[in-house]
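Colleague: A predicted structure for the sequence below; I have some questions about it.
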Amino acid sequence: MLTTPARTLSGVLAVLAAVASAAATPDSLPPQQHSHRTTSASAGCGKSHKPGYHYYNEHGNFSIISGGLSRYYSVQVPVAYDASETHALIFDYHGNSDTSTEQHNNSQYYNYAASQDYVVIYPQGLDRHWEGPTYAVAGIDDLQFTTDLLAHVQAQYCIDSDRVYGKYQVQSVYMRPLLTVMQYVSSFSETVWWDITQGLHLTFGQASGKSNGGGFVDTLACSDHGDSFAAFAMASAALYTDVNRTDCSKKHAIIESHGDQDTVIPYRGGQGSGGPLPNVGEWVSWWGERNCGEDAEAQTSGDLGGYNITSYSCSGFENVTQHYHFAQLGHCWPNGFGDNYDAVHLTSQHCSEVRVLDYTPVVLDFFGRWDLKCAPKK
Ligand SMILES: *[C@@H]1O[C@H](CO)[C@@H](O)[C@H](O)[C@H]1NC(C)=O
Ligand SMILES: *[C@@H]1O[C@H](CO)[C@@H](O)[C@H](O)[C@H]1NC(C)=O
Ligand SMILES: *[C@@H]1O[C@H](CO)[C@@H](O)[C@H](O)[C@H]1NC(C)=O
Ligand SMILES: *[C@@H]1O[C@H](CO)[C@@H](O)[C@H](O)[C@H]1NC(C)=O
Ligand SMILES: *[C@@H]1O[C@H](CO)[C@@H](O)[C@H](O)[C@H]1NC(C)=O
């Protein structure tokens, strides 16, 4: 789909032309500008969908087969869904013991105008868990489920893609031998090669989640399966798979919120119900260093009225790691109106009383800043 022989041939001709003129140098890479709309479309373009929240169609609940099992999901189709235009994509993961519909009502993306460009997918965990903690169902591969579901969504919906440059994106069987030949005949780096061939168009999404779902979003960020996502957002993340800095060697745009009074995933770490947990503040510094290097320094906001923000920035990557620390909040997706799922059901965590900040528009803002081209990747 991405690299037809014809496209490859034109790429080769373009490279030969460039070799002849010797005009291409690494300095000639285009600026990595942010843009949601691209000219390339996913296979699902042309298929229409009814706006609104859905978890079933005329054939029953939405599901795919992954790892030999039926795996379920639900979807929010934006009001202005247009089958002929590409849309941005969010995968939003629920907490332990919860459902996709509960997470739909927790993040409430649909309440915000900034979500109107997004198709939001709510995957359902097997037995309501995600892999990582000891309480998850043994042997379930939710990373593969994510990749399988992403492929399914791309085939069903019209989703944004980005032109991506780089070695790790070389996937086509047609491309590999040609790339070898071209490297032989030219001294250009692969990055320049992709510059000349205009890169590959890859569809991508953003990932978010709460608690066990937030921890899984971190697991995803640290895995190659996460390379199809531009940015990662969590609330009260259950970070069972990321307990020291060297656990993860990726660079990614990360935002997390955590309540200081969280009694399910305590801010200062320790033994959780699914294994050992890191200190959240330390985990934030690990992501700061993963993205910006060992000498990375945090910027702290000071008290903003019941919460503060820690940010890491480095060349080209402003606020690439961000952390919202709430003084009085428990184990919640922070909600400004006190009516989301946590606010209504998790009363013991003070979710409805602490209305200092609405986290969802913060997340949408963060997602709006990152796509596959401009986000850090490794
Ligand atoms: C479909 O999903 C809903 C919501 O999760 C659930 O209540 C219902 O039992 C499911 N139906 C089937 C046939 O799986
Ligand atoms: C979902 O959230 C709305 C508020 O936006 C609330 O009125 C409704 O009762 C919630 N539904 C469920 C099932 O929690
Ligand atoms: C990091 O954590 C892993 C377990 O996830 C452990 O095997 C490893 O020894 C730890 N490394 C350090 C430096 O603590
Ligand atoms: C980065 O974060 C700082 C502090 O919160 C804020 O003042 C600034 O506007 C942010 N920049 C971007 C691009 O989000
Ligand atoms: C941020 O807020 C938390 C919770 O109130 C507090 O413990 C921490 O010291 C604050 N950090 C900064 C840098 O102000």
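Modeller: Thanks, I have the structure now. Ligands and ions are numbered 1, 2, ... in the order given.

Colleague: any chance you could map the strands in the stretch 151-300 of the chain?
Modeller: Under the criterion DSSP state E, counting those that start in this stretch, the stretch 151-300 of the chain contains strands at 161-164, 200-203, 205-210, 229-235, 253-259, 270-272, 275-277, 299-300.

Colleague: now for those strands, which one comes closest to ligand 1?
Modeller: Across the strands of the stretch 151-300 of the chain, the minimum distance to ligand 1, taken as CB to the nearest ligand atom, is reached by strand 205-210, at 17.3 Å. Using the backbone N, CA and C atoms, a C-beta is placed for each residue, glycine as well.

Colleague: Which pLDDT value belongs to the residue in the chain that ligand 1 sits nearest to?
Modeller: In the chain, the residue that lies nearest ligand 1 is residue 61 (3.7 Å; CB to the nearest ligand atom). With respect to pLDDT, residue 61 scores 97.

Colleague: How about it: which residues does it bridge to?
Modeller: residue 56 (DSSP bridges).

Colleague: hang on, the earlier thing: so which of the strands of the stretch 151-300 of the chain gets nearest residue 325?
Modeller: The closest of the strands of the stretch 151-300 of the chain to residue 325 is strand 253-259. By CB to CB, the value is 6.2 Å.

Colleague: gap between residue 320 and residue 376?
Modeller: Counting by CB to CB, to the nearest Å, the gap from residue 320 to residue 376 is 6 Å.

Colleague: Compare neighbour counts for these two and give me the winner.
Modeller: With neighbours defined as other CB atoms under 10 Å, residue 320 and residue 376 compare such that residue 320 has more, 27 against 20.

Colleague: I'd like to know how far the more buried one sits from residue 297.
Modeller: Using CB to CB, we find residue 320 at a distance of 13 Å from residue 297.

Colleague: could you pull out the helices for the stretch 1-150 of the chain?
Modeller: For the stretch 1-150 of the chain, applying DSSP state H, counting those that start in this stretch gives helices covering 5-21, 100-107, 142-156.

Colleague: per-residue confidence for the residue of the stretch 101-250 of the chain found nearest ligand 3?
Modeller: Of all residues in the stretch 101-250 of the chain, the one sitting closest to ligand 3 is residue 244 (3.6 Å; CB to the nearest ligand atom). The confidence metric pLDDT takes the value 93 at residue 244.

Colleague: contacting residues around it?
Modeller: 278, 286 (CB atoms under 8 Å, 6 or more residues apart in numbering).

Colleague: Can you report phi and psi for it?
Modeller: Backbone geometry at residue 244, expressed as degrees, to the nearest 10, gives phi -150, psi 160.

Colleague: got it, and residue 312?
Modeller: Torsion angles, degrees, to the nearest 10, at residue 312: phi -120, psi 130.

Colleague: And the one 10 residues further on, by the same measure?
Modeller: According to degrees, to the nearest 10, the main-chain angles of residue 322 amount to phi -140, psi 140.

Colleague: I'd assumed residue 311 was in contact with it.
Modeller: Yes. The pair residue 322 / residue 311 is scored as a contact, 5.1 Å apart, by CB atoms under 8 Å.

Colleague: before we move on, the earlier item: any shared contact partners between residue 320 and residue 376?
Modeller: Listed contacts common to residue 320 and residue 376 are 253, 291; contacts here mean CB under 8 Å, 6+ apart.

Colleague: What about the residue of the stretch 151-300 of the chain found nearest ligand 4, how many residues nearby?
Modeller: Relative to ligand 4, the nearest point of the stretch 151-300 of the chain is residue 299 (6.4 Å; CB to the nearest ligand atom). Residue 299 has 12 neighbours, counted by other CB under 10 Å.

Colleague: Tell me who's in contact with the nearest residue to residue 89 once chain neighbours are set aside.
Modeller: Among residues not flanking residue 89 along the chain, residue 205 sits closest, at 3.7 Å (CB to CB, 6 or more residues apart in numbering). Residues counted as contacts of residue 205 (CB under 8 Å, 6+ apart) are 88, 89, 90, 91, 121, 150, 153, 159, 228, 229, 230.

Colleague: Show me what the fifth one is bridged to.
Modeller: Under the criterion DSSP bridges, residue 121 forms beta bridges with residue 75, residue 91.

Colleague: Residue 205 versus that one, what's the distance?
Modeller: The gap separating residue 121 from residue 205 is 8 Å, by CB to CB.

Colleague: Now for these two: what residues contact both?
Modeller: 89, 90, 91, 153.

Colleague: Spatially, which two of those are the most separated?
Modeller: Largest separation among these by CB to CB: 90 and 153, giving 10.6 Å.
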